[in-house]
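Asker: Quick one, what's the 3D model for this:
(one chain, ligands or ions: 1)
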Amino acid sequence: MGHLAPFLRLASALSSHNCEVTLITPRPTVSASESRNISALLSAFPRIRPIEFRIPHYDALGADPFYAHNEAMRASAHGLLSPLLSSLSPAPSAIVIDISLASAFIPASKKLNLRAFVFFTSSATMLSLFAYYPRNGRALVDAEGIVLNTFEALEGDTLAALNGGRVLPGLPPVTAVGPLEPFAGGGLCARVRGWLDRQPARSVVYVSFGSRAAMSEAQIEQLGIGLERSGCGYVWVVKTKAVDREERAEEAVEVREKGVVVREWVEQEAILAHEAVALFVSHCGWNSVTEAALRGVRVLAWPLGMDQMSNAGTVERCGLGKWRGWGGGGDGEVVVGGEEIGEVVREMVAEGGGAGAGVGVGWARVGEEARRAVGVGGSSYAGLVGLIEE
Ligand code: UDP
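Answerer: Numbers count the residues shown, from 1 in each chain. Model (predicted):
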């Protein structure tokens, strides 16, 4: 979802600017939320033409089906993707490729004289590191351009370094178009919305660790204790598995006295946009960071792996939130105690929720800058228009 969600948003933004968009998605998808989100985009944007990329068998039950799925897609670049692209009519003028497919799909696209752009779905900071990685990283110099879901106020210095040739000579132009705005989603389920609607403005903490990350049981238990101790209202998305295959849990939404525990997919965007929400305890997946930025919601960073620690650093530097050093996950996990969690959450909600708070402070300023960047004439708006013209 971390790759799919921003791609669907980019497709909707391009379509809104009157581009002819063809959306090529692999089938079958790994999780139910992927197919649901693709369908939601296609019904909201009927002008986007869907093409299904039937990938051959992959190990859907192995340790990480997402990687197996990705490998199967990469292996199909010449045999399946090329014939599919050359059969499109009218012929496309450019293709936007996910970073995880870059080294396989850029050469295949170039053979067809298609201009290949890479959409790197993490931060500009991660791109600076990733450009040095073998395989997909080294393939970046062969792209016509790189698209990022970030914006000036978040990573202006890094964007300038990338485009100034100070990160890696030969990198193509890097264009920031974020934070990409969500398209009309499915809305919040009635029980979560009903509960949120009854809470005072800026009083609730929203807790989610993304579409993939699962915490240890010991940490989940302490987090539960911490949320109760904070005294704040909470919406807590609990995930115990890394991949959702069957998303209907026994009790999907449990309404408690102080909060709501959700064991299924929630419309995160709708929660972050709700005025009751004061704080987002987040694993700092890049999409979650940009969504919090767009809504001006303060973040308490709790990165678990991948690019998330780097993203947590960016959150702290730009003023969107704090990273108390919690996180890590995996074998070296240090369980953070409920008492400490409760204290930090209470303190941050109090600072973010009091009368007058929010005017000019870090996270509110980041929110203003985010909306300015994507508004008409803003830097990310200009970036997108420039790409389309090119
Ligand atoms: N998301 C959501 N509901 C959920 C879990 C995730 O809407 O219950 C969305 C979230 O808003 C974001 C994406 O899924 O757009 C997750 O991407 P992110 O980069 O934050 O983290 P990842 O899941 O890739 O670790």
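Asker: quick one, phi psi at the closest residue to the ligand within the stretch 251-390 of the chain?
Answerer: Sorted by distance to the ligand under CB to the nearest ligand atom, the residues of the stretch 251-390 of the chain start with residue 285, at 2.1 Å. Quick note: C-beta positions are derived from backbone N, CA and C, even for glycine. Torsion angles at residue 285 (phi, psi; degrees, to the nearest 10) stand at phi -60, psi 150.
Asker: Tell me which residues touch it, please.
Answerer: Residue 285 makes contact with 2, 210, 211, 213, 308, 311, according to CB atoms under 8 Å, 6 or more residues apart in numbering.
Asker: Can you sort out which of those residues also neighbour the ligand?
Answerer: Subset of the contacts of residue 285 in contact with the ligand: 2, 210, 211, 213, counting by CB under 6 Å from any ligand atom.
Asker: any chance of these in a markdown table, plus secondary structure, pLDDT and neighbour count?
Answerer: Converted to a markdown table, these look like this (DSSP: H, G, I helix; E, B strand; the rest coil; pLDDT from 0 to 100; neighbours: other CB atoms under 10 Å):
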| residue | secondary structure | pLDDT | neighbour count |
| --- | --- | --- | --- |
| 2 | coil | 91 | 17 |
| 210 | coil | 91 | 21 |
| 211 | coil | 84 | 24 |
| 213 | coil | 72 | 18 |
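Asker: of all those, which comes closest to residue 228?
Answerer: Closest approach to residue 228 among these (CB to CB): residue 213, at 22.1 Å.
Asker: Apart from its neighbours in sequence, what residue is nearest the closest one?
Answerer: Leaving aside its chain neighbours, residue 213 sits nearest to residue 304 (4.6 Å; criterion: CB to CB, 6 or more residues apart in numbering).
Asker: What is the burial count for the one you found?
Answerer: Using other CB atoms under 10 Å, residue 304 has 22 other residues around it.
Asker: so which strand or helix has it?
Answerer: Secondary structure from DSSP states H and E places residue 304 outside every helix and strand.
Asker: Residue 257: helix or strand, and which one exactly?
Answerer: Applying DSSP H and E, one finds residue 257 in no helix or strand.
Asker: Burial check on it, number of neighbours?
Answerer: As a measure of burial, residue 257 has 6 neighbours, counting by other CB under 10 Å.
Asker: mind checking how far the spatially most central residue of the chain is from residue 197?
Answerer: Ranked by distance to the mean C-alpha position of the chain (CA atoms, centre = their mean), the top residue is residue 287 at 2.0 Å. Distance, residue 287 to residue 197, by CB to CB, to the nearest Å: 25 Å.
Asker: One more: residue 323?
Answerer: Separation of residue 323 from residue 197 (CB to CB): 31 Å.
Asker: what's the answer for residue 258, then?
Answerer: In terms of CB to CB, residue 258 sits 16 Å off from residue 197.
Asker: Show me where the stretch 101-250 of the chain dips below the pLDDT cut-off.
Answerer: For the stretch 101-250 of the chain, the stretches with pLDDT under 70 are 185-186, 242-250.
Asker: 90 instead, please
Answerer: Scanning the stretch 101-250 of the chain for pLDDT under 90 picks out 183-189, 211-216, 239-250.
Asker: which residues in the stretch 51-200 of the chain form strands?
Answerer: Assignment of strands within the stretch 51-200 of the chain using DSSP state E, counting those that start in this stretch yields the ranges 94-98, 115-120, 145-148, 174-176.
Asker: Also the stretch 201-350 of the chain?
Answerer: 204-208, 233-237, 253-255, 259-262, 277-282, 298-301, 321-323.
Asker: Redo these as JSON lines? Include mean neighbour count and distance to residue 74.
Answerer: As requested, the strands of the stretch 201-350 of the chain are exported to JSON lines (neighbours: other CB atoms under 10 Å; distance: least, CB to CB, whole Å):
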{"stretch": "strand 204-208", "mean neighbour count": "25", "distance to residue 74": "30"}
{"stretch": "strand 233-237", "mean neighbour count": "23", "distance to residue 74": "31"}
{"stretch": "strand 253-255", "mean neighbour count": "15", "distance to residue 74": "38"}
{"stretch": "strand 259-262", "mean neighbour count": "22", "distance to residue 74": "34"}
{"stretch": "strand 277-282", "mean neighbour count": "28", "distance to residue 74": "30"}
{"stretch": "strand 298-301", "mean neighbour count": "26", "distance to residue 74": "32"}
{"stretch": "strand 321-323", "mean neighbour count": "22", "distance to residue 74": "34"}
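Asker: would you list these in a markdown table and tack on distance to the ligand?
Answerer: Shown next, in a markdown table, are these (distance: least, CB to the nearest ligand atom, whole Å):
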| stretch | distance to the ligand |
| --- | --- |
| strand 204-208 | 6 |
| strand 233-237 | 5 |
| strand 253-255 | 12 |
| strand 259-262 | 7 |
| strand 277-282 | 7 |
| strand 298-301 | 11 |
| strand 321-323 | 14 |
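Asker: Include distance to residue 346 when you put these into CSV, please.
Answerer: As requested, those are exported to CSV (distance: least, CB to CB, whole Å):
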stretch, distance to residue 346
strand 204-208, 9
strand 233-237, 11
strand 253-255, 21
strand 259-262, 14
strand 277-282, 10
strand 298-301, 11
strand 321-323, 14
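Asker: packing partners for the longest helix along the chain?
Answerer: When the chain is scanned for its longest helix (criterion: DSSP state H), the result is helix 338-353. The contact analysis (3 or more CB pairs under 8 Å, 6 or more residues apart in numbering; DSSP states H and E) places helix 338-353 against strand 204-208, helix 217-230, strand 277-282, strand 298-301.
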